[in-house]
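K.L.:
any chance you can model this:
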Amino acid sequence: MAYIITQPCIGVKDASCVDVCPVDCIHSAEDDEQYYIDPDICIDCEACVPVCPVEAIFYEEDVPEEWRDFTQKNRDYFAAKTDEERRAFRTRTERH
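P.N.:
Numbers count the residues shown, from 1 in each chain. As a prediction, the model looks like this:
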């Protein structure tokens, strides 16, 4: 399981969640409308949840019904990335 970023993030993209994530699993490209959590890296620490100013982050099993499609949207975002792109996310983390 992992945490999922849902609809309230769209158009806001506040990076507070990115700043507190201990494993750097929250990513977004500049032209993406929201942030996404990599389910293969997320350690379910919940550090991102209390800092989200729009309360857009939920544990996967707790995503409200009206936003359930964001679970698949989140998975698809990372599935569409090449291994090289995903490694680049991790390499940036290692440099910090």
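
K.L.:
could you use CA atoms for every contact and neighbour count after this?
P.N.:
Fine.

K.L.:
C48 in helix, strand or coil?
P.N.:
Here C48 takes the coil state, with states given by DSSP: H, G, I helix; E, B strand; the rest coil.

K.L.:
tell me the contacts of it?
P.N.:
Each residue near C48 by CA atoms under 8 Å, 6 or more residues apart in numbering is listed here: S16, C17, V18, V20, C21, I57.

K.L.:
which strand residues bridge the residue most central in space within the chain?
P.N.:
In the chain, the residue lying closest to the centroid (CA atoms, centre = their mean) is I37, at 2.2 Å. For I37, the beta-bridge partners are I26 (DSSP bridges).

K.L.:
ok, now how distant is T6 from C48?
P.N.:
Look at T6 and C48: by CA to CA, to the nearest Å, they are 13 Å apart.

K.L.:
who touches both of those two?
P.N.:
Common contact partners of T6 and C48 (CA under 8 Å, 6+ apart): I57.

K.L.:
spit out the contact partners of Y59.
P.N.:
Contacts for Y59 (CA under 8 Å, 6+ apart) come out as M1, A2, Y3, I4, D44.

K.L.:
okay if I get the residues you listed as JSON lines plus pLDDT and distance to K81?
P.N.:
Below are the contacts of Y59 laid out as JSON lines (pLDDT from 0 to 100; distance: CA to CA, whole Å):
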{"residue": "M1", "pLDDT": "73", "distance to K81": "20"}
{"residue": "A2", "pLDDT": "90", "distance to K81": "18"}
{"residue": "Y3", "pLDDT": "96", "distance to K81": "19"}
{"residue": "I4", "pLDDT": "97", "distance to K81": "17"}
{"residue": "D44", "pLDDT": "94", "distance to K81": "22"}
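
K.L.:
could you identify the buried members of those residues?
P.N.:
Neighbour counting with 16 or more other CA atoms under 10 Å marks A2, Y3, I4 as buried within these.

K.L.:
ok, those residues vs E65, which is closest?
P.N.:
The closest of those to E65 turns out to be I4 (CA to CA; 12.8 Å).

K.L.:
what is the helix or strand containing the closest one packed up against?
P.N.:
Using DSSP states H and E, I4 maps to strand 3-5. Packing partners of strand 3-5 (3 or more CA pairs under 8 Å, 6 or more residues apart in numbering; DSSP states H and E): strand 36-37, strand 57-59, helix 69-79.
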